[in-house]
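In: Return a 3D structure for these sequence lines:
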Amino acid sequence: MLIVTLLGGLFSTGFVLLKTMLHRGIESPEQLEQQGINVYASIPLSEWQQKSDRETMLSGRRSSQRNYTLLAVGNPADLAIEAVRSLRTSLHFASLEAKNNVLMISGASPSIGKTFVSINLAAVIAQAGQRILVVDADMRKGYAHSLLNCELGTGLSDVLSGQASAQQAIKKTAIENLSFLSRGKIPPNPSELLMHNRLTEFLEWAGKEYDIVLVDTPPILAVTDAAIVARNVGTTLLVARYGVNSLKEIEVSIRRFEQNGMEIKGIILNAVENKSGSAYGYYAYEYK
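Out: Model (predicted):
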């Protein structure tokens, strides 16, 4: 019995190691570039933001009552924000060739810091003097309103369902030049709402009212929402997390967009660490 137990333990360990080897997270931009995948930015993991988040969590208040400190505002000299500024510059030149001024940011999978990247990029753009509108198009789990310390209130779902106008739903934020449209109430049919002509009409209107419109969407490997929104945007970027998302996940994500006739402009590699580290999973996710 002891031998059987030991053999079982060895087999389990071997299986985990094999799975680890087959699903190793990306640990350098070069791994992507070697496959012909354009890397727009590598954003370092911010220790300052981690410390700030821990203090916020330990405050004891409910998540809806917490005041978050955005990295671009709380510590604008952070290396992560310097990388975001570099991304802003790259996007400026990319936008010259785009069909419109609507930028979409999606992710390969959930919980990789996509919204963190989106909101800090928006803040950096606003700080440079451009008028930007952030649209939280994740009508299932969007939390951009928390990062911006805004009320959820009326939002995108209300606009797309015809229950509110964009002018009524868009909110000012504490950051000058940065306006925000929350996800709104969670609808029973997010994908169907995004396929409505109201989305196209809204983004065309917003593109005329603002210098840049940034749309934060759900992860492409979880739901189809990002592929639907992408039809209306000029530039699409994909966030992947260092040590978490595998090359296979990123390739599958890019292929999902291509199957819908959309092109990914490049990858943002987020939370890059100085040391090697990874987490493991698979490239299909529950996101309901």
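In: Find the residue at the geometric middle of this structure.
Out: Centroid-nearest residue in the chain, with CA atoms, centre = their mean: Lys114, separated by 2.3 Å.
In: Can you spell out which residues form a bridge with the residue nearest to that residue when sequence neighbours are not counted?
Out: Once flanking residues are discounted, Lys114 sits nearest to Gly107: 3.7 Å by CB to CB, 6 or more residues apart in numbering. No exception for glycine: its C-beta is placed from N, CA and C like everyone else's. Counting by DSSP bridges, Gly107 forms beta bridges with Val239.
In: In contact with Gly107, which residues?
Out: By CB atoms under 8 Å, 6 or more residues apart in numbering, the residues touching Gly107 are 114, 218-220, 238-240.
In: Distance from stretch 131-141 to the middle of the chain?
Out: 10 Å (CA atoms, centre = their mean, to the nearest Å).
In: Please work out the average pLDDT along it.
Out: Computed over stretch 131-141, the mean pLDDT rounds to 98.
In: in that stretch, what counts as buried?
Out: The neighbour-count check on stretch 131-141 (16 or more other CB atoms under 10 Å) flags 132-139, 141 as buried.
In: Span of that stretch from start to end?
Out: End-to-end span of stretch 131-141 (CA to CA, to the nearest Å): 26 Å.
In: for stretch 105-115, same thing?
Out: End to end - CA to CA - stretch 105-115 spans 8 Å.
In: Quick one: mean pLDDT over it.
Out: 97.
In: got the buried residues for that stretch?
Out: Within stretch 105-115, judged by 16+ other CB under 10 Å, the buried ones are 105-110, 112-115.
In: Identify the residues contacting Ala206.
Out: 102, 133, 135, 166, 213.
In: For the first one, grab phi and psi.
Out: Dihedral pair for Val102: phi -100, psi 120, per degrees, to the nearest 10.
In: in the stretch 101-250 of the chain, which spans are strands?
Out: Applying DSSP state E, counting those that start in this stretch to the stretch 101-250 of the chain gives strands spanning 102-107, 132-136, 171-172, 178-181, 212-216, 235-241.
In: does Arg256 sit in a helix or strand, and which one?
Out: helix 247-259 (DSSP states H and E).
In: contact partners of that helix?
Out: 23, 26, 31-32, 35, 37, 106, 108-109, 220-221, 226-227, 230, 236, 238, 240, 263-264, 267, 283.
In: Over to stretch 152-169?
Out: 135-137, 139, 145, 171, 181-187, 190, 193-194, 196, 198-199, 202, 205-206.
In: can you rerun that using 7 Å?
Out: Stretch 152-169 is contacted from outside by 135-137, 139, 145, 181-185, 187, 193, 196, 198-199, 202, 205-206, using CB atoms under 7 Å, 6 or more residues apart in numbering.
In: Over to stretch 79-98?
Out: Contact with stretch 79-98 is made by 40-44, 46, 71-72, 101, 103, 120-121, 124-125, 128, 234-235, 265, 268, as judged by CB under 7 Å, 6+ apart.
In: could you redo the last one with a cut-off of 8 Å?
Out: Taking CB under 8 Å, 6+ apart as the rule, stretch 79-98 contacts 40-46, 49, 71-72, 75, 101, 103, 117, 120-121, 124-125, 128, 212, 234-235, 265, 268.
In: Let's test this: mean pLDDT of that stretch, rounded?
Out: 94.
In: Sort out which residues of that stretch are buried, please.
Out: If you call a residue buried by 16+ other CB under 10 Å, then stretch 79-98 has these buried ones: 80-81, 83-85, 87-88, 90-91, 94-95.
In: which ones are touching Pro44?
Out: Pro44 makes contact with 79-80, 83, 271-273, according to CB under 8 Å, 6+ apart.
In: Mind putting those into CSV with secondary structure and distance to Thr56?
Out: Conversion of these to CSV gives the following (DSSP: H, G, I helix; E, B strand; the rest coil; distance: CB to CB, whole Å):
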residue, secondary structure, distance to Thr56
Leu79, helix, 21
Ala80, helix, 17
Ala83, helix, 23
Ala271, strand, 18
Val272, strand, 23
Glu273, coil, 22
